[in-house]
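# Predicted model and sequence below, questions to follow.
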Amino acid sequence: MGTFPDSVTLTEVGPRDGFQFEEKIVPTSLKREIILRLVDAGFRNIQITAFVHPRKVPQMADAEALTAILPQIPGIAFSALALNLTGVERAHAAGITHIETSISASNRHSLNNAGMNANAALDMGVQMVSLAKQYGMAVRAGIQCVFGSGYEEAVSVETIIRTAQSLLDAGADMLCLADTTGMATPVSICRMLDAVMPVADNTPVVLHLHDTRGLGLINVMTALSCGITHFDTSMAGMGGCPFIPDAAGNIATEDTLHLLNSLGIDTGLNTAQIAACSRDMAAFFGKTFPGKIYRLTADSHHERSAGDSFKMRPTDMA
């Protein structure tokens, strides 16, 4: 089975990647409640929103308002996504200290979704990282479509290496490889990590995996054996990319935790509390999400109705 790490860090992206895929708008107050409940469940890294155009992604239109009502909690990183320089500027003005910049390595995907080719996107990505570092922000540089674009267009390992090196040279503190289309396989995971890990050197590499083709957790196992200790997950497996047809959500947080727990890998997270959040959001949206474990895990002590007010804790006053 290979050698696995003793502990793994999960970043919860449900409040951003999960909610952005839904048409029913989540009230800002409910977003705050869910985020703080995720903190109570043990998360130290949560991607809370995206500073993107509100007409293109209406669910994220309250990015500034949400940031303003979240407490500053020591040891907790509330991060946000930015896709251009304007997004970085907005995030900084709103008080965000941890930012993820994101560009596509696919020419077709970048042209369709950002209106620029991959080379121009990389230039902008370097500028975003540099600007964020000037503002003193912790920067996670994301690369989309690392394992394929879905446009019958190959994304070469050499392209990813060149993109990663440029972002790292600009000052990125972490590197995130995103399987945006859910096309990764154990073979392509190994091949890509074998090439990228030496380039990253001591810079942490995060995998952002989607489960479009059902290989999400298998790819987690493969990545663990390759030395990856950071993954993005989304509660109940909600989410997807609004700009990719038939895109599935991220690997489900609870399912990933079940796998990691079975391997004796520590995360510091409480599955039951996270599952309660997932069930509340499933009730709010009136749908069943693809995750499995959240439907099997009940904890009446932590269960509450979606929309109930979140009780302030001492750390909320920080």
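Received, thanks. Please read these numbers as outputs of a predicted model, since none were measured by experiment.
# need the helix or strand of the chain with the lowest average pLDDT.
Ranked by mean pLDDT, DSSP states H and E, the weakest helix or strand in the chain is helix 107-114, scoring a mean of 87.
# For it, buried residues please.
Asn107, Arg108, His109, Ser110, Leu111, Asn113, Ala114 (16 or more other Cβ atoms under 10 Å). All C-beta spots, glycine's among them, are computed from the backbone N, C-alpha and C.
# Which residue, neighbours along the chain excluded, lies closest to the last one?
Pointing back at Ala114 there. Spatial nearest neighbour of Ala114, excluding adjacent residues (Cβ to Cβ, 6 or more residues apart in numbering): Ala121 at 5.8 Å.
# same thing with the fourth one?
Here the nearest residue to Ser110 in space, its sequence neighbours aside, is Ser104; by Cβ to Cβ, 6+ apart that works out to 4.1 Å.
# and what of the second one?
Beyond its immediate neighbours in the sequence, the residue positioned closest to Arg108 (Cβ to Cβ, 6+ apart) is Tyr151, lying 4.0 Å away.
# SS state for that neighbour?
Following DSSP: H, G, I helix; E, B strand; the rest coil, we place Tyr151 in the coil state.
# ok, it - contacts?
Ser106, Arg108, His109 (Cβ atoms under 8 Å, 6 or more residues apart in numbering).
# nearest to Asp40, of the buried residues of helix 107-114?
Closest approach to Asp40 among those (Cβ to Cβ): Asn113, at 35.2 Å.
# Roughly how far does the residue nearest to Ser110 sit from Phe285?
28 Å (Cβ to Cβ, to the nearest Å).
# Am I right that the residue nearest to Ala114 is in a strand?
No - counting by three-state DSSP, Ala121 is not part of a strand but helix.
# residues touching it, list them.
Ile103, Ser104, Ser110, Ala114.
# Can you name the residues bridging to the spatially closest residue to Ser79 that is not a sequence neighbour?
In space, and not counting its chain neighbours, Ser79 is closest to His98: 3.9 Å by Cβ to Cβ, 6+ apart. With DSSP bridges as the criterion, His98 is bridged to Ser79, Ala138.
# Could you check how far the closest residue to Thr49 other than its chain neighbours is from Gln47?
Computed as Cβ to Cβ, 6+ apart, the closest residue to Thr49 that is not its neighbour in sequence is Ala63, at 4.4 Å. Distance of Ala63 to Gln47, computed by Cβ to Cβ: 12 Å.
# what residues do these two have in common as contacts?
What both Ala63 and Gln47 touch, as defined by Cβ under 8 Å, 6+ apart, is the set Ala80.
# what about Phe43, which helix or strand?
Under the criterion DSSP states H and E, no helix or strand holds Phe43.
# Tell me, how many residues neighbour it?
Using other Cβ atoms under 10 Å, Phe43 is surrounded by 25 other residues.
# hang on, it packs against Gly14?
No - with contacts counted by Cβ atoms under 8 Å, Phe43 stays clear of Gly14, the gap being 10.1 Å.
# any idea how far the residue nearest to Thr49 is from Gly42?
Taken as Cβ to Cβ, the span from Ala63 to Gly42 is 25 Å.
# do the same with Arg191
Computed with Cβ to Cβ, the distance linking Arg191 and Gly42 is 33 Å.
# cool, Met197 as well?
Taking Cβ to Cβ as the measure, Met197 falls 27 Å from Gly42.
# Show me the shaky parts of the stretch 151-300 of the chain.
The stretch 151-300 of the chain contains residues with pLDDT under 70 at 240-248, 298-300.
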